[in-house]
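Student: sequence unknown, structure follows:
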């Protein structure tokens with residue numbers, strides 16, 4: 001009993017010490033925050049900018065010209081930085097945008113019953129040999145051996161792994177199906193000629209979903225469900241996509257569709273019928289007769305960037321790994337499968353390619369790394385007195401518009417002119433840029449607001465700014 005009392009006293013002393021420390025030692029957040037409190041200051045951001053094109057080419061280890069707009073812009077403003085051929089450091093702004101994209105993807109996948117998993121990047125050669133894809137994929141697989149001589153690849157896709165996982169569950173019932181299992185993870189592909197920045201690299205982020213159904217009819221319904229979720233995703237992002245008939249390629253199966261963003265630098269050739277709903281990747285058509293197979297009208301051709309791909313697999317993989325469930329009669333049946341990919345980093349780059357001007361990045365509204373950039377007057381200028389008004393507005397926005405917490409950036413580089421900072425803000429593509437200029441010193445104060453995605457410039461009071469920003473949607 002005495003020992004227990006002593007232990008209680010020791011714990012009480014430790015708790016008292018911790019409480020005292022919590023009162024006297026600032027938290028990590030406060031310790032790392034700027035002196036002005038929790039304001040996000042641009043001067044503290046790791047954001048290299050304003051690289052000339054020759055510097056960009058030097059970083060890429062190339063000569064000539066960068067023909068891809070998204071690659072050039074992302075390198076110039078410091079969204080990415082080359083690491084190895086086809087591999088990039090994703091810098092803070094890009095990571096923020098990607099995390100937002102993943103949240104939107106999670107919302108869409110989980111709305112249709114998706115369950116998130118995380119599978120190893122290292123995949124055993126034994127699994128890939130079981131489906132013959134160890135040889136079929138050829139040099140595209142990044143292969144390695146461990147110290148015991150066992151062979152692996154860095155997974156470009158996970159059909160084998162997920163099917164083996166489901167097959168290991170020996171007591172599945174038809175009542176539990178369908179399963180819609182997905183992950184967002186790094187993928188690897190030994191591209192012979194990496195190019196276009198994040199559009200075609202050796203290492204990239206992907207969302208891959210694998211579905212397991214109890215019948216072909218149910219699997220077809222799931223296929224339509226996921227395709228509709230993809231359409232919802234791209235509509236939410238405001239991206240002009242087209243769903244096209246596609247080749248099953250090395251993944252296999254009996255039906256496949258690609259989700260493409262039409263753009264002139266795209267590597268895929270698309271045939272689209274202007275008279276009906278038919279569209280296809282040209283590689284699936286007989287090029288000797290470019291007429292629509294549905295209405296016989298002429299097909300128009302364009303280029304596109306593939307950002308999503310869906311496959312109906314049937315029992316191609318479940319039959320190899322014996323992924324079974326007990327049907328309504330209690331007998332074992334093979335699961336009917338589908339797989340569905342979204343190129344996460346590719347969507348980011350493709351969106352910049354499609355939406356941006358030659359000189360300025362434009363983001364889908366939901367994915368902008370920061371929604372608002374505030375620009376106070378230059379130090380020593382006639383308008384310097386409006387600096388406090390800008391800081392006060394910054395704090396008021398965060399309090400009055402809760403969804404914008406963590407989304408408002410103050411460009412405190414007041415040694416630069418407003419014009420120079422506005423140019424940087426335009427290039428980085430903040431949806432809203434708010435400037436405290438001459439009219440901020442009037443009564444009432446009016447701020448110059450640049451609405452980047454609508455190309456509008458308006459002058460608003462503090463209350464007007466809050467009203468405008470209250471409608472901003474974030475994820």
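Tutor: Alright, I've got the coordinates. As the structure is a computational prediction, the values presented were derived from the model and not from experiment. Numbering: from 1, shown residues only.
Student: avg pLDDT for the longest strand anywhere in the chain?
Tutor: In the chain, taking DSSP state E as the definition, the longest strand is strand 300-314. Average pLDDT, strand 300-314: 97.
Student: Buried ones in that strand, by neighbour count?
Tutor: Using 16 or more other CB atoms under 10 Å as the test for burial, strand 300-314 gives 302-314. In short, each C-beta sits where N, CA and C put it, glycine included.
Student: Return the distance of the helix or strand following that strand from the chain's centre.
Tutor: Downstream of strand 300-314, the first helix or strand assigned by DSSP states H and E is helix 318-321. Put simply, helix 318-321 sits 32 Å off its chain's centre (CA atoms, centre = their mean, to the nearest Å).
Student: Can you name every helix or strand that helix 318-321 contacts?
Tutor: If you count contacts as 3 or more CB pairs under 8 Å, 6 or more residues apart in numbering; DSSP states H and E, helix 318-321 packs onto helix 159-167.
Student: quick one: the helix it packs on to strand 300-314, angle?
Tutor: Angle, helix 159-167 to strand 300-314, by axes from the mean of the first three to the mean of the last three CA atoms, to 10 degrees: 30 degrees.
Student: Touching helix 159-167 from outside, list them.
Tutor: Contact with helix 159-167 is made by 117, 119-120, 123, 127-128, 130-131, 133, 155, 172, 179, 181, 210, 212, 251, 313, 317-318, 320-324, 335, 337, 339, as judged by CB atoms under 8 Å, 6 or more residues apart in numbering.
Student: Using a markdown table, lay out the buried residues of strand 300-314 together with distance to residue 363.
Tutor: Shown next, in a markdown table, are the buried residues of strand 300-314 (distance: CB to CB, whole Å):
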| residue | distance to residue 363 |
| --- | --- |
| 302 | 24 |
| 303 | 22 |
| 304 | 20 |
| 305 | 16 |
| 306 | 20 |
| 307 | 15 |
| 308 | 19 |
| 309 | 24 |
| 310 | 26 |
| 311 | 30 |
| 312 | 33 |
| 313 | 34 |
| 314 | 39 |
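Student: Which one of the residues you listed is nearest to residue 238?
Tutor: Proximity of those to residue 238 (CB to CB) peaks at residue 307, which lies at 13.5 Å.
Student: which ones among the contacts of helix 159-167 are found in helices?
Tutor: When DSSP state H is applied, the contacts of helix 159-167 are split such that 127, 128, 130, 133, 318, 320, 321 fall in helices.
Student: How many residues are close by the second one?
Tutor: Other residues lying near residue 128 total 23 when counted by other CB atoms under 10 Å.
Student: dump the residue contacts of it.
Tutor: Counted by CB under 8 Å, 6+ apart, residue 128 has contacts 134, 137, 141, 153, 160.
Student: The same query, at a cut-off of 6 Å, please.
Tutor: 134, 160 (CB atoms under 6 Å, 6 or more residues apart in numbering).
Student: What distance do you get for it to residue 153?
Tutor: 6 Å (CB to CB, to the nearest Å).
Student: Would you list the phi and psi of the closest residue to residue 122 other than its chain neighbours?
Tutor: Among residues not flanking residue 122 along the chain, residue 152 sits closest, at 4.8 Å (CB to CB, 6 or more residues apart in numbering). Per-residue torsions, residue 152: phi -140, psi 170 (degrees, to the nearest 10).
Student: what about residue 152, neighbour count?
Tutor: Neighbour tally, residue 152, other CB under 10 Å: 20.
Student: Kindly report the same for residue 443.
Tutor: By other CB under 10 Å, 5 other residues sit near residue 443.
Student: So it lies in a strand, does it not?
Tutor: No - under DSSP: H, G, I helix; E, B strand; the rest coil, residue 443 sits outside any strand and is assigned coil.
Student: What pLDDT is listed against it?
Tutor: The model's pLDDT for residue 443 equals 93.
Student: Look up how far residue 466 lies from it.
Tutor: 18 Å.
Student: Same check on residue 298?
Tutor: Residue 298 is 53 Å from residue 466, by CB to CB.
Student: which one of those two has more residues nearby?
Tutor: Applying other CB under 10 Å to residue 298 and residue 466 shows that residue 466 carries more neighbours, namely 17 against 12.
Student: The closest residue to that one other than its chain neighbours: how many residues sit nearby?
Tutor: Distance criterion CB to CB, 6+ apart; nearest residue to residue 466, sequence neighbours excluded, is residue 400 at 4.9 Å. A total of 16 residues lie near residue 400 under the criterion other CB under 10 Å.
Student: just residue 428 next, same as before
Tutor: When neighbours are counted by other CB under 10 Å, residue 428 comes out with 25.
Student: With residue 406 instead?
Tutor: Neighbour count of residue 406, defined by other CB under 10 Å: 13.
Student: if I've got this straight, it is in a strand?
Tutor: No - with three-state DSSP as the criterion, residue 406 is coil rather than part of a strand.
Student: ok, it - contacts?
Tutor: Contacts of residue 406 (CB under 6 Å, 6+ apart): none.
Student: What distance do you get for it to residue 428?
Tutor: 17 Å.
Student: measure residue 206 to residue 184 for me?
Tutor: Taking CB to CB, one finds residue 206 at 7 Å from residue 184.
Student: which one of these two has more residues nearby?
Tutor: residue 206 (22 against 19).
Student: Can you pull the phi and psi angles for the more buried one?
Tutor: According to degrees, to the nearest 10, residue 206 has phi -140, psi 150.
Student: Leaving out chain neighbours, which residue sits closest to it?
Tutor: residue 187 (4.6 Å).
Student: following the helix or strand bottoming out on mean pLDDT in the chain, which helix or strand comes up?
Tutor: Lowest by mean pLDDT, DSSP states H and E among the helices and strands of the chain is helix 28-32, with a mean of 33. Following helix 28-32 in sequence order, the next helix or strand is strand 40-41 (DSSP H and E).
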